[in-house]
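Engineer: below is the structure, and that's it, no one-letter string:
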């Protein structure tokens, strides 16, 4: 009898210890990217706008992919407040609109948010050089999607003194949530460069990213 109880105890203990490990794998392969090719819907690849002058719009889409259960996300964006300010066109969707942005006159490719309807939660921070906001889907099932989908359209307006020799770096951090099935997952940070020869070494094509995960 003691032997049977010991076996049951060990099985129960293993289940308790293993549960957090399995829970942590949810959205474990998720990745986010940034894309400034706004005339085409979806993720097109990273570009570095150059020749940007003062009082001009610059911006990018923030995308997430390989999500198994996405119910919420937050973005945390920082930049030099002396060089640019956040524009009111920033939103969880990209509108169908004619605009000059990143040095090009284009028609924006309209895109909906990956959650369908993304509602802002409490705790928004909107200050010089820093924007943070959390969004969630408060009804319906969590989103599962292999391909990259839009999280946020972020737009800045350069300062009047900005010129083609002014370099600006925007830092983007993203965290996603699965609706209480596990702790929120931080996906890291990426950089958006303006008037700079630098590139984000973490950026690559979506096809290359999928190949990295094909054996999992």
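Structural biologist: Thanks, I have it. The shown structure was predicted, so the numbers you read here are calculated from the model rather than taken from an experiment.
Engineer: please tell me how far residue 57 sits from residue 85.
Structural biologist: To residue 85, residue 57 is 11 Å away according to CB to CB, to the nearest Å. C-beta: built from backbone N, CA, C; applies to glycine.
Engineer: so which of the two has more stuff around it?
Structural biologist: Per other CB atoms under 10 Å, whichever of residue 57 and residue 85 has more neighbours is residue 57, with 17 against 13.
Engineer: contacting residues around that one?
Structural biologist: 87, 89, 99-102, 155-158 (CB atoms under 8 Å, 6 or more residues apart in numbering).
Engineer: for it, which non-adjacent residue is spatially closest?
Structural biologist: Nearest non-adjacent residue to residue 57, counting by CB to CB, 6 or more residues apart in numbering: residue 101, 4.3 Å away.
Engineer: report the beta-bridge partners for the one you found.
Structural biologist: Beta-bridge partners of residue 101, counted by DSSP bridges, are residue 57, residue 104.
Engineer: what ranges do the strands span in this structure?
Structural biologist: 31-35, 57-65, 67-70, 72-78, 84-86, 98-101, 104-107, 119-120, 125-127, 130-136, 143-145, 149-158, 168-177, 185-194 (DSSP state E).
Engineer: among these, which is nearest residue 47?
Structural biologist: Smallest distance to residue 47 across these (CB to CB): 7.9 Å, for strand 31-35.
Engineer: partners of the closest one in the sheet?
Structural biologist: By DSSP bridges, strand 31-35 pairs with strand 57-65 (antiparallel).
Engineer: how about the strands of the chain in TSV, adding mean pLDDT and distance to residue 45?
Structural biologist: Output for the strands of the chain, formatted as TSV (pLDDT from 0 to 100; distance: least, CB to CB, whole Å):
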stretch	mean pLDDT	distance to residue 45
strand 31-35	96	7
strand 57-65	98	11
strand 67-70	96	20
strand 72-78	97	20
strand 84-86	98	23
strand 98-101	97	17
strand 104-107	97	15
strand 119-120	95	29
strand 125-127	97	29
strand 130-136	97	24
strand 143-145	95	19
strand 149-158	98	15
strand 168-177	97	16
strand 185-194	96	13
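Engineer: tell me which of these lies nearest to residue 44.
Structural biologist: Across the strands of the chain, closest to residue 44 is strand 31-35 (CB to CB), at 5.4 Å.
Engineer: residue 43 touches residue 33, doesn't it?
Structural biologist: Yes. Contact criterion CB atoms under 8 Å: residue 43 and residue 33 qualify, at 5.6 Å.
Engineer: neighbour count winner among those two?
Structural biologist: Just comparing residue 43 and residue 33: by other CB under 10 Å the higher neighbour count belongs to residue 33, 27 against 23.
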